[in-house]
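**Q** mind folding the following:
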Amino acid sequence: MVGSERARKLIIGVDPGLNCGLAILSLDGTPILIESHREWPLAKIVERIREFGEPTIISSDVSPSPNLLEKLSRKMNAILFEPAIPMSSEEKQRLSKIYAERYGVKTQNIHEEDALAAAVKAYHHYKNKFEQVDAKLRELGCNLPPDHVKDLVARGRSISNAIKILSGVDAKHEYIIENNSEGKEKLKEAIKRLTEKLMLERERNRLLQAANRELQSKIKELEAKIESLKVALDKVHSRETAQIRREREYQHLLEEIRVLRNKIAEQETQIETYRRMLSHLQHLDEISTKERLTLLKPIESFTREGLERTFKVYDVRVGDIVFILDPSGGGPATAKSLVIRGVKAVIVGGKISHHALEVFEEYHVPVISADKVKIRWINGLPYADKEEIKKIIKSRETLKPINTLDMLKSIINDHLREIKEENKI
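**A** Sure thing, here's the model as predicted:
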């Protein structure tokens, strides 16, 4: 029999930080303590661990270990276990969940979860070796504390060597119970105390089991209540979602109505503009009929944009006469646009390009200089006498494209004439 009980050997998992997590396991993997504290100094951690025994292994969930764990392992003369690679969040959650379910313990936060996962990781690393120690002790029938053998094995000793070392140490602490009446009485007293203690522990276990059953029942009631509340919450959420959807649809319809009203207002404004324009044109048409005037549909600039604007506003048609106020920007393409519209004549307020004149000449559209026509401006629009325009066209006072070859011959002849006159002098 061992004369004095030695301190229990432990596996310690630590998650250092502002909130420090601590998990303590026995060497057979049974959880002893799981807790966490805010701003926990090293001295307090050491003090807390020693309340439960002596650490064989201090375990980290990362590699390399934090500085705090290195200090802790040196201070408490424990092995520092580091995983080959840092443990992932998924691995830590899986290990701590399985372990918590197996032993009926619960972690309160992620720091406790990480500390427990680190301790379990270390236990799994040494588990096979520790089980070999238990098997060997059973085989030899040794009455040695398994934890102390496992402690030496974890520190690098072989199982047989650890047993030999501890057998020599334990021999110093053993005592022989003398076979006399005094020894028997002491033994009976010890048995009696242990029996009473066993009865108390059994009663305590029975009470704990009853409390556990009561708590399990309460848990089931609470789970049922939670499920009922979830169903009610889902219904409320569904109603709120439907209400939100209806509100969004209502707001969307209001926005569509606003846009449509704006479009209607724009269309009404445009219709009113066209109505006034039509009334104005009808008035001008009456004036032109009385005075034998014809509207010269104005083109402000002889460009594609200028033509499109006139076509849209004045609706240029076959037989119309147009007045190009600024013909300088035009060319064959713009001239062709007027030809396609079927205009009767073109009056220009300035110099027009040679190429544009060629297109008008090709399609027999007369081009008249504004200087040749008496233009009257009525309400901002140009008018001219129809008969006057007919006379100008008939008398061939229209603009014609200059033949490039004839122009070149004339220039050469004029130049030769000047040379001859200079030679005579």
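**Q** quick check, central residue of the chain?
**A** For the chain, the residue sitting closest to the mean C-alpha position, by CA atoms, centre = their mean, is Ser89 at 22.5 Å.
**Q** could you measure from it over to Thr107?
**A** 14 Å (CB to CB, to the nearest Å). In short, each C-beta sits where N, CA and C put it, glycine included.
**Q** ok, the residue nearest to the centre of the chain - contacts?
**A** If a contact means CB atoms under 8 Å, 6 or more residues apart in numbering, then Ser89 has no contacts.
**Q** quick check: pLDDT value at it.
**A** Predicted confidence (pLDDT) at Ser89: the value is 91.
**Q** okay, and Leu296 sits in which element?
**A** Secondary structure assignment for Leu296, by DSSP states H and E: strand 293-299.
**Q** quick one, what contacts the closest residue to Leu152 other than its chain neighbours?
**A** Distances taken as CB to CB, 6 or more residues apart in numbering place Ala162 nearest to Leu152, at 3.7 Å, with adjacent residues excluded. Going by CB under 8 Å, 6+ apart, Ala162 touches Val133, His148, Val149, Leu152, Val153.
**Q** swap in 7 Å and give it another go.
**A** The neighbours of Ala162, taking CB atoms under 7 Å, 6 or more residues apart in numbering as the test, are Val149, Leu152, Val153.
**Q** tally of neighbours for the first one?
**A** Val149 sits with 25 neighbouring residues when counted by other CB atoms under 10 Å.
**Q** just the last one next, same as before
**A** Neighbours of Val153 under the rule other CB under 10 Å: 22.
**Q** any idea of the mean pLDDT in the one helix or strand it maps to?
**A** Here Val153, judged by DSSP H and E, is contained in helix 146-154. The pLDDT scores in helix 146-154 average 93.
**Q** tell me where the model's unsure across the stretch 251-400 of the chain.
**A** Within the stretch 251-400 of the chain, the segments meeting pLDDT under 70 span 280-291.
**Q** hmm, I was thinking of the stretch 101-250 of the chain
**A** 169-190, 192-193, 195-205, 207.
**Q** run the chain-centre distance for the strand holding Leu296.
**A** Offset of strand 293-299 from its chain centre (CA atoms, centre = their mean, to the nearest Å): 63 Å.
**Q** sheet partners, orientation included, of it?
**A** In the sheet, strand 293-299 lines up against strand 321-324 (parallel), strand 381-385 (antiparallel) (DSSP bridges).
**Q** Arg239 is nearest to which of those?
**A** strand 381-385 (67.1 Å; CB to CB).
**Q** quick one: buried residues of stretch 148-163?
**A** Buried residues in stretch 148-163, counted by 16 or more other CB atoms under 10 Å: His148, Val149, Lys150, Asp151, Leu152, Val153, Ala154, Arg157, Ile159, Ala162, Ile163.
**Q** you'd agree the fourth one is up against Pro55?
**A** No. Applying CB atoms under 7 Å, one finds Asp151 not in contact with Pro55, separated by 9.6 Å.
**Q** quick one: the strands in the protein, in order.
**A** Secondary structure of the chain (DSSP state E): strands located at 9-15, 19-26, 31-38, 54-59, 79-81, 293-299, 321-324, 345-348, 367-369, 376-378, 381-385.
**Q** quick check: mean pLDDT across the fifth one?
**A** For strand 79-81, the per-residue pLDDT values average out at 94.
**Q** break this protein down into its domains, please.
**A** 9-175, 177-290, 292-406 (automatic domain parsing).
**Q** stretch 107-115: how far from the chain's middle?
**A** With CA atoms, centre = their mean, you get 30 Å for stretch 107-115.
**Q** got it, and stretch 326-342?
**A** With CA atoms, centre = their mean, you get 56 Å for stretch 326-342.
**Q** mind checking the strands paired with strand 293-299 for the one nearest to Ile257?
**A** Using CB to CB, these put strand 381-385 closest to Ile257, at 40.7 Å.
**Q** okay, that closest one in CSV with CA atoms only?
**A** The C-alpha trace of strand 381-385 is given here as CSV (Å, rounded to 0.1, in the frame of the first residue of the first chain):
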residue,chain,number,x,y,z
LEU,A,381,-40.6,83.6,-91.2
PRO,A,382,-39.3,84.3,-94.7
TYR,A,383,-41.8,84.7,-97.6
ALA,A,384,-41.3,85.6,-101.3
ASP,A,385,-43.5,86.2,-104.4
